[in-house]
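A.B. asks: Provided below are the primary sequence and the corresponding predicted coordinates.
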Amino acid sequence: MRLFKTLAAVAFGAVLTVSGAIAETPKNTLVIADAIDDIITLDPGEVSEVGGVLASQQIYQPLVSFDPADATKIFGVLAESWTVSEDGKTFTFKMNPAAKFASGNPVTAHDAEYSLQRVILIDSRISFILTQFGLTKDNVAENIKATDDQTLVLKVDQKYSPSFVLYVLSSYTGGIVDSVLVKQHEGVLAAGGNDYGNAWLKSEHSAGSGPYELTKWDPKVSILLSRNKNYWGAAPGVERIFLQHMPESATQRLALEKGDIDIANKLGPDDIGAVSANPDVSIMEGNSSTIYYFGLNVRNPALSNPKVVEAMKYLVDYQGIADSIGRGTVKVHQTMIPDGFLGGNINYNPYSLNVEKAKALIAESGVALPIKLATVVWNTSPYTEYAQAVQATMAQAGIELDLQVVDGGQWLDRYRSHDLDIWFGLWGPDYPDPHSNAKAFTVNDKANPDGQHGNLADRFGWDSGPLSDEVLAAVQEQDVEKRKAMYDTIQRAHTDSSPFVYMFQDSRKVAMRSNVKGVVLGITFSDDRYGAVTKE
């Protein structure tokens, strides 16, 4: 805790006692403990790591958003209203005249044009979220255009379910930057060309319209956000948000009970249970769409054998892990779309621990034992516990998992470069539409065979065959019931044939000091909202 105390003293101007202990966090600062060592950028045009998205969501705002308590309720944020053309291919947004950036500049359609275009033009890892509309570097200037200060026109390549387009724009990828300010800080890439302010926004500056702005990011240590004094909405309830890297559940629990932190985002079941009786702590429960899974890189000859993949799905004690490790924080879930989304709630969980069946399948495969697999795991809970439990049951059938436990940065680097055999991780949808998951886990992109832009089927080397086209057809279906039925069929086939072993859906519980009020827990990827937080 010494590091935390030093940072707190510097960041907050806190007065420490002779013993160095912090009796409580400052009234004007919300201190959040989380695992944030995975962050490599805070530029909204490329951010995608869990901690980075959590921070950027407080800084940047999208055109539209949705109610976390009822995702079917879509509302305007920086856009006041919108219309959709009869052919479904043109979306016209009218900007909110009240909105302004932290700089004091008004938010205009030109800012939205610049922000959405730059995601494509810098060719970031998250550009796939927008390029799925047929947007490219060559056509983006024509298809995302401000016709005046208050009007933005977006043209997509085909007719989609309108809510799908709006959900995509509500994601962290849709965060709008102050184009007047960012253009002043555009740089030149090493290979030539405009970086569209990426270097300036990456780690030291922000240019958003949200309730907070970036003050300081110390990688793998902390992020300090300060109140946006020009915020156009209701004034934030606290002056600062301090995100502290504290991945260990036990350490978070101790800090929470002592009053050194206000929110503990990564408490395990034991520590949730332990603090639940503490009158100074409250437990907030939220709907979560996070799926825990492990992916098998089928470039490995052994994992390219469908019988081996099927066997491994029978070598996980799903319910046992949920009961003994998860204990109320997860439920068994073996399909790619979370319950609560369109296409979810199909209750298809065909696999359970069956060592003898797995052995028979491996024998049928003809693959020699033992099968040794390099398995990359984030060094934080619950990934390590899940991986160790799976390692034990896999060993009973001659499959040896070499657990390579690494920090968040290495965990993501190995995953993105598919430098591994197995990756233990999670998937949080980028927006509350089934296509966010279905596309990632199923669609093959011939132009991006290594999946660097987010297609996990390609990243793990899997050709999904006709399922890829079926997913692309489902997102165009206008009839909601027909679309739902399509996802039901796709998911069953996907669970049985894919190299993804889906284990659990998160049942989110967050512990916080009882004087903290106004936290809104998101249902998608790190979409918690702190703008209305107060400390009584």
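C.D. replies: Yep, that arrived.
A.B. asks: From here on, just use CA atoms for contacts and neighbour counts.
C.D. replies: Will do.
A.B. asks: all strands for the stretch 151-300 of the chain, in order.
C.D. replies: 151-155, 212-218, 222-227, 240-245, 263-264, 281-286, 291-296 (DSSP state E, counting those that start in this stretch).
A.B. asks: Could you do the stretch 301-450 of the chain as well?
C.D. replies: All strands of the stretch 301-450 of the chain, identified by DSSP E, counting those that start in this stretch, fall at 330-332, 371-378, 399-406, 422-427.
A.B. asks: With distance to Thr251, mean pLDDT and mean neighbour count added, can I get those in CSV?
C.D. replies: Shown next, in CSV, are the strands of the stretch 301-450 of the chain (distance: least, Cα to Cα, whole Å; pLDDT from 0 to 100; neighbours: other Cα atoms under 10 Å):
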stretch, distance to Thr251, mean pLDDT, mean neighbour count
strand 330-332, 21, 96, 22
strand 371-378, 17, 98, 21
strand 399-406, 19, 98, 18
strand 422-427, 22, 96, 22
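A.B. asks: wait, which of those is closest to Ala99?
C.D. replies: With Cα to Cα as the measure, strand 422-427 is the member of these nearest Ala99 (32.3 Å).
A.B. asks: Against which helices or strands is that closest one packed?
C.D. replies: strand 291-296, strand 371-378, helix 383-395 (3 or more Cα pairs under 8 Å, 6 or more residues apart in numbering; DSSP states H and E).
A.B. asks: Tell me the strands beside the shortest one, with direction?
C.D. replies: What it means is strand 291-296. The sheet places strand 291-296 alongside strand 422-427 (antiparallel), strand 500-506 (antiparallel), with pairing taken from DSSP bridges.
A.B. asks: avg pLDDT for that strand?
C.D. replies: Here strand 291-296 scores 98 as its mean pLDDT.
A.B. asks: roughly how far is the lengthiest helix in the chain from the heart of the chain?
C.D. replies: Criterion DSSP state H: the longest helix present in the chain is helix 480-497. Here helix 480-497 is found 23 Å from its chain centre; the criterion is Cα atoms, centre = their mean, to the nearest Å.
A.B. asks: what about the helices and strands packed on strand 422-427, which gets the closest to Phe504?
C.D. replies: Closest among the helices and strands packed on strand 422-427, using Cα to Cα: strand 291-296, at 5.2 Å.
A.B. asks: That closest one to helix 383-395, inter-axis angle?
C.D. replies: Angle, strand 291-296 to helix 383-395, by axes from the mean of the first three to the mean of the last three Cα atoms, to 10 degrees: 50 degrees.
A.B. asks: what comes into contact with strand 291-296?
C.D. replies: Applying Cα atoms under 8 Å, 6 or more residues apart in numbering, the external contacts of strand 291-296 come out as 303, 309, 333, 336, 338, 421-428, 460, 499-506.
A.B. asks: repeat that with 7 Å
C.D. replies: Identification of contacts with strand 291-296 by Cα atoms under 7 Å, 6 or more residues apart in numbering yields 303, 421-428, 460, 499-506.
A.B. asks: related to what we said a few turns ago, turn the strands of the stretch 151-300 of the chain into CSV, including distance to Trp411 and mean neighbour count.
C.D. replies: Converted to CSV, the strands of the stretch 151-300 of the chain look like this (distance: least, Cα to Cα, whole Å; neighbours: other Cα atoms under 10 Å):
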stretch, distance to Trp411, mean neighbour count
strand 151-155, 36, 21
strand 212-218, 19, 21
strand 222-227, 19, 22
strand 240-245, 16, 24
strand 263-264, 22, 28
strand 281-286, 27, 17
strand 291-296, 13, 24
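A.B. asks: Could you list the buried residues of stretch 491-508?
C.D. replies: 491-492, 494-496, 498-508 (16 or more other Cα atoms under 10 Å).
A.B. asks: Looking at the residues you listed, which is nearest Asp87?
C.D. replies: Gln491 (29.2 Å).
A.B. asks: What lies in contact with the longest helix of the chain?
C.D. replies: Residues from elsewhere that reach helix 480-497, judged by Cα under 7 Å, 6+ apart: 334-336, 342-343, 346, 467, 474, 477.
A.B. asks: For that helix, the averaged confidence score.
C.D. replies: Helix 480-497 comes out at a mean pLDDT of 96.
A.B. asks: could I have it exported to CSV, CA atoms only?
C.D. replies: Output of helix 480-497 as CSV, limited to C-alpha atoms (Å, rounded to 0.1, in the frame of the first residue of the first chain):
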residue,chain,number,x,y,z
VAL,A,480,-36.8,-8.9,-34.8
GLU,A,481,-38.3,-12.4,-34.2
LYS,A,482,-36.7,-13.8,-37.4
ARG,A,483,-33.4,-12.3,-36.4
LYS,A,484,-33.6,-13.8,-32.9
ALA,A,485,-34.3,-17.3,-34.4
MET,A,486,-31.3,-16.9,-36.7
TYR,A,487,-29.0,-16.3,-33.8
ASP,A,488,-30.4,-19.3,-32.0
THR,A,489,-29.5,-21.6,-34.8
ILE,A,490,-26.1,-20.0,-35.4
GLN,A,491,-25.1,-20.2,-31.7
ARG,A,492,-25.8,-23.9,-31.3
ALA,A,493,-23.7,-24.7,-34.3
HIS,A,494,-21.0,-22.3,-33.2
THR,A,495,-20.7,-23.7,-29.7
ASP,A,496,-20.3,-27.2,-31.1
SER,A,497,-17.8,-26.5,-33.8
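A.B. asks: what are the ranges of the helices in the stretch 401-536 of the chain?
C.D. replies: Ranges of helices in the stretch 401-536 of the chain, per DSSP state H, counting those that start in this stretch, are 408-416, 435-442, 456-459, 466-474, 480-497.
A.B. asks: Is it possible to get JSON lines of these that adds distance to Gln319?
C.D. replies: Formatted as JSON lines, those follow (distance: least, Cα to Cα, whole Å):
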{"stretch": "helix 408-416", "distance to Gln319": "26"}
{"stretch": "helix 435-442", "distance to Gln319": "23"}
{"stretch": "helix 456-459", "distance to Gln319": "26"}
{"stretch": "helix 466-474", "distance to Gln319": "28"}
{"stretch": "helix 480-497", "distance to Gln319": "17"}
